[in-house]
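[1] only geometry, no sequence info:
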């Protein structure tokens, strides 16, 4: 799982790639549409798509003369599961730390 998460977070570390993923949440899109809002050469943009595809976040298919790009939900769900686990872990730790701080404060007020 960690190897998948490394690829996931590495792929999303770039704002261009995050914008592509955000756009794809509304549905598949041709490469030309995904590229249009980005001020970069198409070969550079294609490298971003390659990074997303390598991470398993997108898949592309040729439909006639157009390359369509689709989002892949699996890696996103895997990362969400990991993040929820981390949140539960840290919330528990913070609750214990808060209880300890309250206990120390009570002792200092009573002592």
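    Thanks, I have it. Predicted model only: the values in this text are computed from it and were never measured. Numbers count the residues shown, from 1 in each chain.

[2] What ranges in this structure fall below the confidence cut-off?
    For the chain, the stretches with pLDDT under 70 are 1-3, 111.

[3] Grab the longest helix from it for me.
    helix 73-110 (DSSP state H).

[4] Need the three-state assignment for residue 56.
    coil (DSSP: H, G, I helix; E, B strand; the rest coil).

[5] hang on, isn't it packed against residue 6?
    No: counting by C-beta atoms under 8 Å, residue 56 sits too far from residue 6 to count as a contact (11.7 Å). Every C-beta, even on glycine, is put in place using the N, C-alpha and C of the backbone.

[6] So for the two, which residue has more residues nearby?
    Neighbour tally, residue 56 and residue 6, criterion other C-beta atoms under 10 Å: the higher count belongs to residue 56, 16 against 11.

[7] OK, contacts around that one?
    Under the criterion of C-beta atoms under 8 Å, 6 or more residues apart in numbering, the neighbours of residue 56 are 4, 7, 8, 72, 74, 75.

[8] Kindly write the ChimeraX command that selects the buried subset of these.
    Here is the ChimeraX command that selects the buried residues among these (16 or more other C-beta atoms under 10 Å):
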select :7,8,72,75
